[in-house]
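Novice: Let's see this in three dimensions:
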Amino acid sequence: MSRGAPDAATVARWREDIVFTESVRGCSFNFHTTWGIFSPRAVDEGSRLLLDHLEINPADDCLDVGCGYGVLGMTMAKLAPAGKTILIDKDFVAVDYARRNCERNSLGNTETFLSNGFNQIPPDQKFDLIVSNLPAKVGNEQHYLYLFDAHARLRPGGRFVVVTINGLRDFISRTFKEVFGNYDKLKQGKTYTVAQAIRE
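Specialist: Okay, the predicted model is just below:
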């Protein structure tokens, strides 16, 4: 038997921001999110695995591609206070929440804006570290574009670090070697793999 539609109070509650605090890499962050953004109630397992195995230098200029509500970029900004971190996403709702999350967590070394992949990042803008929680449900074409665009925007010695579901592990290994000439598996968990390529 159907339980029926939710009542008006429940619907109104769903329209309110989801608010939670989590510690990531020893930093406490207050997050506001909403339904429709990826993993709105807690930092997702893949992002946490990536951050737990990510080397961040204090002066790194960083880029978070597909930032969602901002956890990767915010953590990099916090741990690289002498650098600048840019957060981008193709979803305007995600960009809005990421921008406000950076502001409410007093991360003044950040910039957040709308971009379909790298298309709003100037070709001559270079980074030391680019990260992405790569979506599984996009075509290989999109993944290749991310790899080529990341390679073009990294400084020599710069790193592209991604987390993917384990089903993409072999594809990432092969394409990193094709585009960057190298591949390093930083961590493989039960569900996700963190991989790195370096621009030589």
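Novice: Strands along this structure, start to end?
Specialist: 18-24, 27-33, 62-65, 85-89, 110-114, 127-133, 154-165, 184-188, 192-198 (DSSP state E).
Novice: so residue 29 touches residue 72, yeah?
Specialist: No. Look at residue 29 against residue 72 with Cβ atoms under 8 Å: they stay out of range, at 11.4 Å. For glycine as for every other residue, the C-beta is placed from the backbone atoms N, C-alpha and C.
Novice: Between the two, which has more neighbouring residues?
Specialist: For residue 29 against residue 72, the residue with the higher neighbour count under other Cβ atoms under 10 Å is residue 72, and the figures read 29 against 21.
Novice: Once you drop chain neighbours, what's closest to the more buried one?
Specialist: Nearest-residue entry for residue 72: residue 64, 4.5 Å, with adjacent residues in sequence omitted and distances by Cβ to Cβ, 6 or more residues apart in numbering.
Novice: That neighbour: how many residues sit nearby?
Specialist: Residue crowding around residue 64 was assessed by other Cβ under 10 Å; the count is 28.
Novice: now do residue 32
Specialist: Applying other Cβ under 10 Å, we find 16 other residues in the vicinity of residue 32.
Novice: Same question for residue 62.
Specialist: When counting by other Cβ under 10 Å, one arrives at 28 neighbours for residue 62.
Novice: I figured it hits residue 54, correct?
Specialist: No. Here residue 62 lies out of contact with residue 54, judged by Cβ under 8 Å, at a distance of 9.8 Å.
Novice: anything in contact with each of these two?
Specialist: Here residue 62 and residue 54 share the contacting residues 76, 129, 131, scored by Cβ atoms under 8 Å, 6 or more residues apart in numbering.
Novice: show me the contacts for the last one.
Specialist: Meaning residue 131. Residues near residue 131 by Cβ under 8 Å, 6+ apart: 50, 54, 62, 63, 64, 65, 72, 76, 160, 161, 162.
Novice: Mean pLDDT and distance to residue 147 added to the strands of the chain, as CSV?
Specialist: Below are these laid out as CSV (pLDDT from 0 to 100; distance: least, Cβ to Cβ, whole Å):
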stretch, mean pLDDT, distance to residue 147
strand 18-24, 98, 26
strand 27-33, 98, 28
strand 62-65, 98, 11
strand 85-89, 98, 16
strand 110-114, 98, 21
strand 127-133, 98, 10
strand 154-165, 98, 7
strand 184-188, 98, 15
strand 192-198, 98, 8
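Novice: Before I go, just wanted to say thanks for your time.
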